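Enquirer: Build me a structure from this.
(chains A, B and C)
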Amino acid sequence: MTILECKSLTKSYGDVRALDGVDITIEPGRIVGLLGPNGSGKTTLIKLANGLLVPSGGEILINGLAPGVETKKIVSYLPERPCVPDWMTARALLGFYGDFYEDFDRSAAEDMLSRLGIDTGAKIRHLSKGNREKVQLIMVMARRALLYLLDEPIGGVDPAARDYILNTIISNYNPAASAVISTHLISDVERVLDDVIFLREGKAVLAAPVDELREQQGKSVDQIFREVFRC
Amino acid sequence: MLGKLIKHELRATAATMLPILGVMLLMSVLTNVGARVMDGRQLPAALEVVFVLVIILFFVGLVAIGFVTVYMMVRRFRDNLLRDEGYIMHTLPVSVHAQIWSKVLVSALWYAVTGVTVVLSVLLVAFDVETVKILGDFFGELFRAIVREDYLGEILLEVLLLMILASVVLSLSLDAALSVGHSFAKRKMLLSELTFVGLLILGSVFTFTLDGMVPSLPDARFISDWRLICAEQAGILIAEGAFCYCVTAFFLRRRLNLE
Amino acid sequence: MEWRFEGGAPIYAQIVGTVKLAIASGELPPGERLPGVRELALEAGVNPNTMQRALTELEREGLVYSQRTAGRFVTDSAEAVEAARRELADGTVKTFLTAMRRLGFEREEILNLLEREENHDDSGM
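Expert: Numbers count the residues shown, from 1 in each chain, chains lettered A, B, ... in the order given. Purely as a prediction, here's the structure:
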């Protein structure tokens, strides 16, 4: 069963086509890189999958269903920008996620928080910027979801935080689940990806397994990306 | 899920509303004390200034608190559903209807609590043995009147229900205006305000048209006239509320535009 | 084991190379139990699927075997380890020779250089 499927998916903002007839399928158990420069439609695709936007044409299906209450139960989403309510404490946030998501693994989340030494009684607002971002990542990764949609999780973080993020993704990996990671920093994530999808100006221009690409072209995905998107 | 949303909504709004209402009540107590201490006594100038300030603040607060509550509810809706937190709220496995109802019901509750607080504040300011007696007499008389007069209780109840309905419709129209205004890329607040004005104009046109259509009953007895007015008002409010509800639901589901 | 990934070779193939080197050099002794897939993936910073693929490849080559419940182990077979050692040596020599020929060295010169370098090493460098 395909976990995510786009059929001629199109999204326009006025005259601008953010996505233009995208056809993609993502199978269970894969970690997929959604790669493309800024403005190529990565965030739009992820927002559509979350039901935060409505397609202008074509369709997007999560586990065979259009985005809605049922798909939100199985999708865990890390938005591009930090957006946890910062007036809450981490403990209140644990309660919030536990209340709304049946698949939320509270003890796993508590474990990850304590390993970072985050005081769950402190307001999120009072944590360091790095820890605020990590709290959000922990909430997202502590769900036992079927599809993780991570929008630019490593954009603008230092190498240590990047390693932490990638390790958190790997260590919470579950063979039945898929993850989509959007980024323009390919060399950093290449090692953790099964497949890559290249987006350019709203079109999916390449979709293939990472090792297949390396085998066929004898180049890293990063190099291939630079060639495809050469200015 | 509506229950859980309401629980979290109450928690989030209580964090701002309880201190505001608490300060209001505290000011009324201080005003009461101030008025008594100053009554016919010569006080040090500094103390007098403080008390006069408290009294002025109390009256300002009394006038402003309704607006403050409305503002707080508007801000909560905007920040929670139409700004960054919206990324979390709109990806919860709950329907947009549950989202709207949780906001509207909790807002209506706070409007009611604010109303009660205003009444309580006035009572606290006026509080002394004499007023307690007067109040006791008043409520006793009111109760007897309700029992004696056939329709007094009904009228009071209907007025109360209309007020609750009106506060729900107020929330809905504010939420509709915010949802429409924030579907635009820029000037979201300005466009929300304009939408609200537009909704007000639309509402009065609607009421005006309806007034022309419903014939008045000059021969009817007072109470049936009253009932007709109530029914008409309720009908207008429900129609306006339903319209605003549909607008809000449509814009949240189909025209969400988070940055 | 030191995990480094570079160039265009498939990542699973690079993992196979790293583990093979560890086995051939004795860093991973025969019969040693390997950590789980997830643990290894985390250590190498790679996708668990990729690590799984590399381990399957190593199993296919006979350098690693798995027991249903106990986990994965380095082969006990001395021949298999020796074969891996030879294979890696062949590869290293080939690379070396290719590089030397590109620099224009002939067989005799290369042998001379090797000998001199060896003496150099022995003299306490």
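
Enquirer: Now do the same for the residue nearest in space to the middle of chain A: helix, strand or coil?
Expert: A centroid search over chain A (Cα atoms, centre = their mean) returns A:Leu150, at 1.5 Å, as the residue closest to the centre. Classification of A:Leu150 by DSSP: H, G, I helix; E, B strand; the rest coil places it in strand.

Enquirer: Mind naming the longest helix for chain C?
Expert: Secondary structure assigned by DSSP state H gives helix C:78-102 as the longest helix of chain C.

Enquirer: What parts of chain B come near chain C?
Expert: Taking Cβ under 8 Å from any Cβ of the partner chain as the criterion, chain C has no neighbours within chain B. From N, CA and C alone the C-beta is placed, and that goes for glycine too.

Enquirer: Okay, domains of chain B per the record?
Expert: B:1-127, B:149-259 (automatic domain parsing).

Enquirer: In CSV, list those along with mean pLDDT and mean neighbour count.
Expert: Formatted as CSV, the domains of chain B follow (pLDDT from 0 to 100; neighbours: other Cβ atoms under 10 Å in any protein chain shown):
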stretch, mean pLDDT, mean neighbour count
domain B:1-127, 92, 17
domain B:149-259, 89, 16
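
Enquirer: Now B:Gly181: phi and psi?
Expert: phi -60, psi -40 (degrees, to the nearest 10).

Enquirer: For it, which non-adjacent residue is spatially closest?
Expert: Of all residues not flanking B:Gly181 in the chain, B:Ser192 sits nearest, at 2.7 Å (Cβ to Cβ, 6 or more residues apart in numbering or on different chains).

Enquirer: Is the one you found within a helix or a strand, and which one?
Expert: Assessed by DSSP states H and E, B:Ser192 sits inside helix B:188-213.

Enquirer: Can you spell out which helices and strands pack onto that helix?
Expert: helix B:152-181, helix B:222-254 (3 or more Cβ pairs under 8 Å, 6 or more residues apart in numbering or on different chains; DSSP states H and E).

Enquirer: Could you rerun that using 6 Å?
Expert: Contact here means 3 or more Cβ pairs under 6 Å, 6 or more residues apart in numbering or on different chains; DSSP states H and E; on that basis helix B:188-213 packs against helix B:152-181.

Enquirer: so what's residue 43 up against?
Expert: Going with chain A. A:Glu80, A:Asp151 (Cβ atoms under 6 Å, 6 or more residues apart in numbering or on different chains).

Enquirer: mind checking how far it is from chain B?
Expert: Using Cβ to the nearest Cβ, to the nearest Å, A:Thr43 is found at 10 Å from chain B.

Enquirer: Over to C:Thr18?
Expert: 40 Å.

Enquirer: A helix includes that residue, no?
Expert: Yes - the assignment for C:Thr18 (three-state DSSP) places it in a helix.

Enquirer: what's downstream of the host helix or strand of B:Arg76, the next helix or strand?
Expert: For B:Arg76, the element it lies in under DSSP H and E is helix B:45-77. Using DSSP H and E, the helix or strand that follows helix B:45-77 towards the C-terminus is helix B:85-89.

Enquirer: Residues touching that next one, excluding its own?
Expert: Here helix B:85-89 has contacts from A:Pro79, A:Cys83, A:Pro85, B:Asn80, B:Leu81, B:Leu258, using Cβ under 6 Å, 6+ apart.

Enquirer: what residues are up against the nearest residue to B:Leu172 once chain neighbours are set aside?
Expert: For B:Leu172, ignoring the flanking residues on the chain, the nearest one in space by Cβ to Cβ, 6+ apart is B:Cys244 at 3.9 Å. Residues in contact with B:Cys244 (Cβ under 6 Å, 6+ apart) are B:Leu172, B:Ser173, B:Ala176.

Enquirer: List the contacts of the first one.
Expert: Under the criterion of Cβ under 6 Å, 6+ apart, the neighbours of B:Leu172 are B:Val104, B:Gly241, B:Cys244, B:Tyr245.

Enquirer: Please repeat the previous calculation with a cut-off of 8 Å.
Expert: Neighbouring residues of B:Leu172 by Cβ atoms under 8 Å, 6 or more residues apart in numbering or on different chains: B:Ile100, B:Val104, B:Glu240, B:Gly241, B:Cys244, B:Tyr245, B:Thr248.

Enquirer: For the residue of chain A most remote from its centre, which three-state class applies?
Expert: The centre of chain A is farthest from one residue, A:Gly121, which by Cα atoms, centre = their mean lies 28.0 Å away. For A:Gly121, the assignment made with three-state DSSP gives coil.

Enquirer: Also B:Gly40?
Expert: coil.

Enquirer: so which helix or strand takes in the residue nearest the centre of chain C?
Expert: The residue lying closest to the centre of chain C (Cα atoms, centre = their mean) is C:Leu21, at 2.3 Å. C:Leu21 is part of helix C:11-24 when elements are defined by DSSP H and E.

Enquirer: cool, and B:Leu21?
Expert: helix B:2-38.

Enquirer: Validate this expectation: A:Ser76 resides in a strand.
Expert: Yes - assessed by three-state DSSP, A:Ser76 belongs to a strand.

Enquirer: Tell me what it is bridged to.
Expert: A:Tyr148 (DSSP bridges).

Enquirer: residues from chain A in reach of chain B?
Expert: Counting by Cβ under 8 Å from any Cβ, chain A sits next to chain B at A:47, A:50-54, A:69-70, A:72-73, A:75, A:77, A:79, A:81-85, A:87, A:92, A:96, A:99-101.

Enquirer: sorry, back to before: roughly how far is the helix holding B:Arg76 from the heart of the chain?
Expert: Offset of helix B:45-77 from its chain centre (Cα atoms, centre = their mean, to the nearest Å): 17 Å.

Enquirer: what's it packed up against?
Expert: helix B:2-38, helix B:96-126, helix B:152-181.

Enquirer: The longest one and chain A in contact?
Expert: Yes - interface with chain A: helix B:2-38 contributes B:Lys4, B:Lys7, B:His8, B:Arg11, B:Ala12, B:Ala15 (Cβ under 8 Å from any Cβ).

Enquirer: tell me which of these is nearest to C:Glu82?
Expert: B:Lys4 (64.6 Å; Cβ to Cβ).

Enquirer: In this model A:Tyr101 seems to touch the closest one, though I could be wrong.
Expert: No - counting by Cβ atoms under 8 Å, B:Lys4 does not reach A:Tyr101; the two are 10.9 Å apart.

Enquirer: residues in contact with A:Val54?
Expert: A:Leu48, B:Arg253, B:Arg254.

Enquirer: about what we covered before: now the helix holding B:Ser192 against helix B:222-254, angle please.
Expert: 150 degrees (axes from the mean of the first three to the mean of the last three Cα atoms, to 10 degrees).

Enquirer: what bits of chain C have low per-residue confidence?
Expert: C:122-125 (pLDDT under 70).

Enquirer: got the residues of it near chain A?
Expert: C:5-13, C:38, C:41-42, C:44-50, C:53.

Enquirer: Weed out the non-buried ones from those residues.
Expert: Buried by 16 or more other Cβ atoms under 10 Å in any protein chain shown: C:5, C:8-12, C:38, C:41-42, C:44, C:46-50, C:53, out of the residues of chain C next to chain A.

Enquirer: returning to what we had before: and for the closest residue in space to the residue nearest to the centre of chain A that isn't next to it in sequence, the neighbour number?
Expert: Spatially, and ignoring its direct neighbours in sequence, A:Leu150 is nearest to A:Leu78 (4.4 Å; Cβ to Cβ, 6+ apart). As a burial measure, A:Leu78 scores 25 neighbours (other Cβ atoms under 10 Å in any protein chain shown).

Enquirer: Chain neighbours aside, what residue packs nearest to the residue farthest from the centre of chain A?
Expert: A:Thr89 (5.7 Å).
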